[in-house]
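[1] The amino acid sequence is not available; the structure is as follows:
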């Protein structure tokens, strides 16, 4: 299984694990620095890590509510210690046992942070933001404070993120402070193209092999996800329109993901409907049978439409069940999109009803996907072939696969149609290694199931 992404975009831009250390996230107002920071915190808490957050931009109650919307369970929130600086700014009493009464006193800030770190073994840490301190210190004090702070955090925490607003402080001070960090992540709003403003990020300085190119990113449900190598403004428009049309059929939510072949992930780039932070909670890892066994992963690996008629019962949907049911997603379907014979995107749709995807509705969703697919051909045609994924011989949880002949109901396989797999609560199935059935495939051959059964058969592409 691939290592979980530490910071948004780190998997795409850092060649290997993210080195331990303290990272500075810097960007102008409105770029999404707090969204980025909360995504880092939410992922850490969901992974069972303890986190210390020094919060200057919002009250603790709002931060906890925001993390809850991003899928952090209540028991995991107990692993979060908030050093409350906001209450001192607003003049309100603090609900946190770790609070700073005066932001003008660097010694008090350091003592409060040290107390919050006591008793924790290798926690993660976030300061959002450093602006509140630098605005109150003279340059010399600010430089000493930054050096002492990063040294203290580096000594006590495994990885940490500190946010800073670009343009809010003197350039000489900011350039000096950057040297105290182990890495610098930059954000910007690019308005140079005809498509309008786009949020972008890059890993400008990391003590590991990394790429420094700017990548566009998306914000879903309060968190930063959708840092996709293949994303362009045109792809964004096509994806948004496909999602909008899918929810226009009466479905509760739809999202569009790019199949990022190098990362072996399906990365969300657009959504429509009642999303409410769901996309910040999922990780579709095509090399992991558990995290690719749902409808989206199955569609990406096999090139077939995949359906879960009951999200509360299908074993293959277990990794996402709680978050889906919290939002009223009772069934789901995923439709793959191909360009030049390779899978480039997945349209995933959720219904408020069990068995919400009868064949006539699948036909309509397929029509939407085919139109999007035609539009995407100009964006992906002629792209280099994808690399093969790692082969992992594991079984997937039990899944009953029932094939339909084609979207139009023809009794025979349609040469251009996708077969349909319904992933149910009983029966037996097999997880097909991605090297065999991932993004690039030779002539299709049915894989033997764990009980000797075979999946649906169709002609070679």
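    Cool, got the structure. This structure is a prediction, so every number in the text was calculated from the model and none was measured. Numbers count the residues shown, from 1 in each chain.
[2] what's the lengthiest helix in the chain packed up against?
    Looking across the chain with DSSP state H, the single longest helix is helix 359-380. Packing partners of helix 359-380 (3 or more C-beta pairs under 8 Å, 6 or more residues apart in numbering; DSSP states H and E): helix 233-247, strand 305-308, strand 331-339, strand 342-351. Heads up, the C-betas are built off the backbone N, CA and C, glycines and all.
[3] Residue ranges in this structure under the pLDDT threshold?
    Along the chain, the parts satisfying pLDDT under 70 run over 1-4, 193-196, 221-226, 228, 381-421, 424-461.
[4] Domain map for it?
    What automatic domain parsing lists as the domains of the chain is 10-220, 228-380+388-422.
[5] from the chain's centre, how far out does the shortest one sit?
    When you say that, I think you mean domain 228-380+388-422. The chain centre lies 16 Å from the centre of domain 228-380+388-422; the measure is C-alpha atoms, centre = their mean, to the nearest Å.
[6] Over to the first one?
    Relative to the centre of its chain, domain 10-220 is centred 18 Å away, using C-alpha atoms, centre = their mean.
[7] Endpoints of that domain, how far apart?
    Domain 10-220 has an end-to-end distance of 18 Å (criterion: C-alpha to C-alpha, to the nearest Å).
[8] hmm, back to that, export the domains of the chain to TSV and tack on mean neighbour count?
    Output for these, formatted as TSV (neighbours: other C-beta atoms under 10 Å):
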stretch	mean neighbour count
domain 10-220	18
domain 228-380+388-422	20
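[9] what's the closest non-adjacent residue to residue 137?
    Spatial nearest neighbour of residue 137, chain neighbours left out: residue 145 (6.1 Å); criterion: C-beta to C-beta, 6 or more residues apart in numbering.
[10] rewinding a little: distance to residue 104 added to the helices and strands packed on helix 359-380, as a markdown table?
    Below are these laid out as a markdown table (distance: least, C-beta to C-beta, whole Å):
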| stretch | distance to residue 104 |
| --- | --- |
| helix 233-247 | 44 |
| strand 305-308 | 56 |
| strand 331-339 | 53 |
| strand 342-351 | 50 |
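[11] Looking at these, which is nearest to residue 372?
    helix 233-247 (4.2 Å; C-beta to C-beta).
[12] Residue 276 against residue 328, yeah?
    No: the pair residue 276 / residue 328 is not scored as a contact, 9.5 Å apart, by C-beta atoms under 8 Å.
[13] just to revisit the earlier point, the residue nearest to residue 137 sits in which helix or strand?
    helix 139-156 (DSSP states H and E).
[14] Name the residues that touch that helix?
    Contacts to helix 139-156, defined as C-beta atoms under 8 Å, 6 or more residues apart in numbering, come from residues 21-22, 106, 109-110, 113-114, 117, 120, 123, 125, 127, 130, 133-134, 137, 160, 162, 170, 172-173, 176-177, 180-182.
[15] which residues sit against the helix or strand just after it?
    Where DSSP H and E defines the elements, the next helix or strand beyond helix 139-156 is strand 159-165. Strand 159-165 is contacted from outside by 6-7, 18, 20-29, 33-34, 36-37, 40, 124-131, 134, 149-150, 153-154, 174, 177, 181, using C-beta under 8 Å, 6+ apart.
[16] Next step: the residues you listed restricted to strands.
    21-27, 124-128 (DSSP state E).
[17] of all those, which two lie farthest apart?
    Checking the ones in strands among the contacts of strand 159-165 with C-beta to C-beta, the most distant pair is 27 and 124, at 20.6 Å.
[18] where do the helices sit along the stretch 1-150 of the chain?
    10-13, 33-46, 60-69, 74-77, 86-90, 106-117, 131-134, 139-156 (DSSP state H, counting those that start in this stretch).
[19] and residue 308, which of these is closest to it?
    When the helices of the stretch 1-150 of the chain are compared for distance to residue 308 using C-beta to C-beta, the nearest one is helix 33-46, at 22.0 Å.
[20] Could you check the angle that closest one makes with strand 159-165?
    Counting by axes from the mean of the first three to the mean of the last three C-alpha atoms, to 10 degrees, helix 33-46 lies at 170 degrees to strand 159-165.
[21] Which neighbouring elements make contact with helix 33-46?
    On a contact count with 3+ C-beta pairs under 8 Å, 6+ apart, helix 33-46 meets strand 21-27, strand 51-55, helix 60-69, helix 74-77, strand 124-128, strand 159-165, strand 183-190, strand 223-225.
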